[in-house]
Structure formats: C-alpha cells, structure tokens
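Colleague: Here you go, sequence then predicted model.
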Amino acid sequence: MALAQEIFSAVGRAVVIEEKLMDAVTGLSGSGPAFVFTVIEALSDAGVKVGIPRPLALELAAQTVLGSAKMVLETKEHPAN
C-alpha cells in the first residue's frame with residue numbers, strides 16, 4: 001500500500017478509499033475535469049462577449065478557477081460559505 005501511494009503521489013494527490021467507493025470516486029475524479037473545463041469555457045466566452053481579448057479572458061477564467069480551488073483546499077470550508 002505504501003509503495004502504491006508513493007507511486008501515485010508522484011503524479012498527483014493519492015487517497016485511500018474503501019473499495020465500495022471506487023466507482024463513485026472514479027466518476028467524480030474522472031468526469032470532474034470536463035465539467036470544470038466547461039465552466040472555464042463559459043467564463044472566458046462571457047469575458048470575450050464583453051470585450052476582453054480571448055487569450056486574456058481564458059487566462060482570467062482559468063486563474064479564477066485555480067484560485068477558487070486553492071481557497072477551498074486551504075480553508076477546508078464548504079464552497080457555499
């Protein structure tokens with residue numbers, strides 16, 4: 001188990017879960033990026049619509065999501081708070 005955690009931690013965060021949660025965690029972690037990409041796309045498209053150049057709008061949208069994610073991870077607070 002320690003070796004597996006060490007290997008997987010080299011490419012991201014590794015967590016140990018009960019086997020019964022494997023499908024749920026795979027769905028959340030595997031599909032989650034597609035939903036986040038959709039949010040980033042929508043935010044950047046909205047920025048373009050109000051006159052921000054696309055490269056800047058995309059950067060701002062991605063940085064907004066990154067900052068929001070970091071805040072949730074660092075504060076451990078529910079995102080709705």
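Modeller: Done, it's in. Bear in mind the structure is a predicted one, so any value in this text is a computation, not a measurement. Numbering: from 1, shown residues only.

Colleague: buried ones in the helix or strand hosting V25?
Modeller: Take DSSP states H and E as the rule and V25 turns out to sit in helix 22-49. Buried residues in helix 22-49, counting neighbours by 16 or more other CB atoms under 10 Å, are found at 40, 43-44, 47-48. In this view, the C-beta of every residue, glycine as well, is placed from N, C-alpha and C.

Colleague: and it, what does it pack onto?
Modeller: Helix 22-49 makes packing contacts with helix 54-75 when contacts are defined by 3 or more CB pairs under 8 Å, 6 or more residues apart in numbering; DSSP states H and E.

Colleague: The helix it packs on versus helix 22-49: what angle between them?
Modeller: 140 degrees (axes from the mean of the first three to the mean of the last three CA atoms, to 10 degrees).

Colleague: Going by neighbour count, which residues of helix 54-75 are buried?
Modeller: So, applying 16+ other CB under 10 Å, buried residues of helix 54-75: 57-58, 61.

Colleague: I'd like to know which of the residues you listed is nearest to D23.
Modeller: Ranked by distance to D23 (CB to CB), the buried residues of helix 54-75 are led by A61 at 30.8 Å.

Colleague: Read off the pLDDT value for the closest residue to the closest one other than its chain neighbours.
Modeller: Once flanking residues are discounted, A61 sits nearest to L43: 3.7 Å by CB to CB, 6 or more residues apart in numbering. The per-residue pLDDT reported for L43 equals 98.

Colleague: repeat for A61
Modeller: Taking A61 on its own, its pLDDT is 98.

Colleague: quick one, what contacts it?
Modeller: 40-41, 43-44, 47 (CB atoms under 8 Å, 6 or more residues apart in numbering).

Colleague: ok, those residues vs N81, which is closest?
Modeller: L43 (21.2 Å).

Colleague: contacting residues for that closest one?
Modeller: Applying CB under 8 Å, 6+ apart, the residues near L43 are 57, 60-61, 64-65.

Colleague: Many thanks, I have nothing further to ask.
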